[in-house]
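Trainee: make a model of this:
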Amino acid sequence: MRIDLTDTTASKINKALVQGRRAIGTPAVGMVLTLVIVTDEENAYDSIKAAEEASHEHPSRTLVVIKRHPRNLRDRTRSHLDAEVRVGSEAGTGETVVLRMYGEVSEHADSVVLPLLLPDAPVVVWWPVDAPDDPAGDPLGALAQRRITDLYAVERPMETLERRVRTYAPGDTDLAWTRLTLWRSMLAAALDQARVPVTSATVEAEADNPAAELLARWLEARLHVTVDRVITDGPVVTAVRLGTANGEIVIDRPEGPIATMTLPDQPPRSLALKVRSTSELIAEELRRLDADEMYAIALRGEAGKETPVHV
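Mentor: Numbering: from 1, shown residues only. Sure thing, here's the model as predicted:
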């Protein structure tokens, strides 16, 4: 069910949500969190689709904030809010409210969003594009327990990465880091099997890939070795090589969803290591709402308290 509201208010949007739930026969609210997506019109469709797919695992109220740029002076001086309320099959397993803000109201998006948050439920803010340099200091980011950005969506990811180092706050994370989960799991499994100290490391990836830089910093912090960065044709991270006294530990994925893991004195084995969709990445991030300490270590290159042998 879809309800369109023009020149509306947060109070009217809440009434439309109740009306929609009653109309489809589900008056109770069974959602576990509020996901706020801050995006533009161009990226709204893909972002909403990813959130709806993720909602099958995490039923949520999704609030999509779109700040519209006025086309003329009259629109610039006129402040109003349009909303599109989706419930039932139109919104996955939760509810979706698309908020289009015009004029001065777009400068106070947090005041619009606040009355629409689910009571006593966690809040997650996701910027698919155009994330602020300081997510925790942003008015919308300040409402959230978790703040999700994406270094893949910026023009100069390495410069932005350095700014995120300076502004990091507990609760911040980035999809460039989430994309590394399978890599980190396989590296940990490889080191558990090898059980030897790592003396050198190399990360191979396409140029200016933020995930590769985060992976290299994480390995440096956890293994206490200098990690060489080697540029390849990609796509994304293509290989990680860990040097040991017994030989190299290698995970190599030149292309496609299959990687090859090689351990000293063992035959190579094939592993599934696909590039995951945005909806899968968002679903993973919504599984935990506490601070991502490993992301902080990777971002800042800080070593843990214990001296680890295994990743």
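
Trainee: what's the spacing between residue 145 and residue 121?
Mentor: 10 Å (CB to CB, to the nearest Å). Every C-beta, even on glycine, is put in place using the N, C-alpha and C of the backbone.

Trainee: ugh, wrong one, I meant residue 168
Mentor: 25 Å.

Trainee: go on, residue 295?
Mentor: From residue 295 to residue 121 the distance is 23 Å (CB to CB).

Trainee: between those two, who's got more neighbours?
Mentor: Counted by other CB atoms under 10 Å, residue 295 and residue 121 do not tie: residue 295 has more neighbours, with 21 against 14.

Trainee: helix, strand or coil for that one?
Mentor: helix (DSSP: H, G, I helix; E, B strand; the rest coil).

Trainee: pretty sure it sits against residue 177.
Mentor: Yes - using CB atoms under 8 Å, residue 295 is in contact with residue 177, at 4.9 Å.

Trainee: mutual contacts of those two, please.
Mentor: Contact criterion CB atoms under 8 Å, 6 or more residues apart in numbering; residues shared by residue 295 and residue 177: residue 214.

Trainee: how is this protein divided into domains?
Mentor: Domain ranges of the chain: 2-174, 181-272, per automatic domain parsing.

Trainee: who wins for proximity to residue 299 among these?
Mentor: domain 2-174 (5.5 Å; CB to CB).

Trainee: what is the rounded mean pLDDT of the closest one?
Mentor: When pLDDT is averaged over domain 2-174, the result is 90.

Trainee: what are the contacting residues of stretch 172-185?
Mentor: Contacts to stretch 172-185, defined as CB under 8 Å, 6+ apart, come from residues 135-136, 146-152, 157, 164, 210-211, 214-215, 218, 236-237, 240, 251, 273-276, 278, 281-282, 284-285, 292, 294-296, 298-299, 311.

Trainee: quick check: end-to-end length of it?
Mentor: 21 Å (CA to CA, to the nearest Å).

Trainee: cool, stretch 137-148 as well?
Mentor: Taking CA to CA, the first and last residues of stretch 137-148 lie 13 Å apart.

Trainee: how about stretch 229-239?
Mentor: Length of stretch 229-239, first residue to last, CA to CA: 11 Å.

Trainee: could you give the mean pLDDT of it?
Mentor: Here the average pLDDT along stretch 229-239 is 92.

Trainee: now the helices for the stretch 1-150 of the chain?
Mentor: 10-23, 41-54, 73-77, 109-113 (DSSP state H, counting those that start in this stretch).

Trainee: make TSV out of those helices and add mean neighbour count and distance to residue 195.
Mentor: Formatted as TSV, those follow (neighbours: other CB atoms under 10 Å; distance: least, CB to CB, whole Å):
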stretch	mean neighbour count	distance to residue 195
helix 10-23	16	55
helix 41-54	17	37
helix 73-77	11	65
helix 109-113	18	50
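
Trainee: walk me through which strands the helix or strand containing residue 229 pairs with, and which way each runs.
Mentor: Per DSSP states H and E: residue 229 is located in strand 227-231. Its sheet considered, strand 227-231 pairs with strand 198-205 (parallel) by DSSP bridges.

Trainee: if we can go back for a sec, out of the helices of the stretch 1-150 of the chain, which gets nearest to residue 129?
Mentor: Across the helices of the stretch 1-150 of the chain, closest to residue 129 is helix 41-54 (CB to CB), at 5.3 Å.

Trainee: against which helices or strands is that closest one packed?
Mentor: strand 33-39, strand 60-67, strand 95-102, helix 278-285 (3 or more CB pairs under 8 Å, 6 or more residues apart in numbering; DSSP states H and E).

Trainee: using CSV, please lay out the ones you listed together with mean neighbour count.
Mentor: Listed next are the helices and strands packed on helix 41-54 as CSV, based on neighbours: other CB atoms under 10 Å:
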stretch, mean neighbour count
strand 33-39, 24
strand 60-67, 24
strand 95-102, 22
helix 278-285, 20
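
Trainee: next, format these as CSV and append distance to residue 80.
Mentor: Converted to CSV, the helices and strands packed on helix 41-54 look like this (distance: least, CB to CB, whole Å):
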stretch, distance to residue 80
strand 33-39, 19
strand 60-67, 13
strand 95-102, 5
helix 278-285, 30
